[in-house]
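Trainee: requesting a structural model of the entry that follows:
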Amino acid sequence: MKSGKIYLHNWKEDWQRAKDFLKAAEANLNLGDFKTSANRSYFTAESAVIASLKLSSKPVSKNHKNIWELSNLLEVGINTHDLLRELYDLRMQADYGYMSSEKILDKETVSAYLLKVKGLLNAIKKKYKLD
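Mentor: Numbers count the residues shown, from 1 in each chain. From the prediction side, this is the model:
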């Protein structure tokens with residue numbers, strides 16, 4: 001029997017996951033936990049992009065960098081590649097204490113990126129007429 005990793009869920013589950021992650025990102029930021037908010041913000045955007053790729057019948061990779069590249073195939077009026085890369089940088093700082101010369105991990109930066117993530121979800125909702 002051949003074994004391999006595959007996604008068993010459909011775009012609706014990815015979209016719901018994105019909405020759930022967004023709620024967690026907002027709640028954690030409101031509690032002052034901007035590090036967890038940074039983590040959830042990244043996964044909000046990534047899940048939304050994966051849902052969009054599936055809706056567009058595009059290939060979906062399990063590799064973060066490949067997802068960033070594939071996100072260029074989406075036409076949602078946002079530079080999804082750069083947004084995902086920058087969110088990933090913040091997530092790595094938050095989760096692993098990495099230092100970055102790109103963005104400073106603080107509440108203001110995470111708050112600003114959370115607004116960008118909300119914009120991404122709104123653009124996807126509009127394009128695909130989602131709830």
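Trainee: check which element follows the host helix or strand of Asp20 along the chain.
Mentor: Asp20 is part of helix 11-30 when elements are defined by DSSP states H and E. Counting by DSSP H and E, the next helix or strand C-terminal to helix 11-30 is helix 34-55.
Trainee: give me the helices and strands touching the helix or strand just after that next one, please.
Mentor: Sequence order places helix 64-70 as the next helix or strand after helix 34-55, per DSSP H and E. Counting contacts by 3 or more CB pairs under 8 Å, 6 or more residues apart in numbering; DSSP states H and E, helix 64-70 packs against helix 34-55, helix 80-96. (Glycine included, C-beta is placed from N, CA and C.)
Trainee: please work out the average pLDDT along helix 64-70.
Mentor: Averaging pLDDT along helix 64-70 gives 94.
Trainee: residues in contact with it?
Mentor: 46, 49-50, 53, 58-61, 80-81, 84-85, 88 (CB atoms under 8 Å, 6 or more residues apart in numbering).
Trainee: give me the buried subset of those.
Mentor: 46, 49-50, 53, 60, 80-81, 84-85, 88 (16 or more other CB atoms under 10 Å).
Trainee: from the contacts of helix 64-70, which has minimum pLDDT?
Mentor: Lowest confidence among the contacts of helix 64-70: Pro59, with 81.
Trainee: OK, contacts around Leu90?
Mentor: Contacts of Leu90 (CB under 8 Å, 6+ apart): 38, 41-42, 100, 103, 105, 109-110, 113.
Trainee: in PyMOL, select just the buried ones from these.
Mentor: Remark: buried members of those, expressed as a PyMOL selection using 16+ other CB under 10 Å:
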select buried, resi 38+41+42+103+105+109+110+113
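Trainee: hang on, isn't Ala123 packed against Gly77?
Mentor: Yes - if you go by CB atoms under 8 Å, Ala123 and Gly77 touch, sitting 5.6 Å apart.
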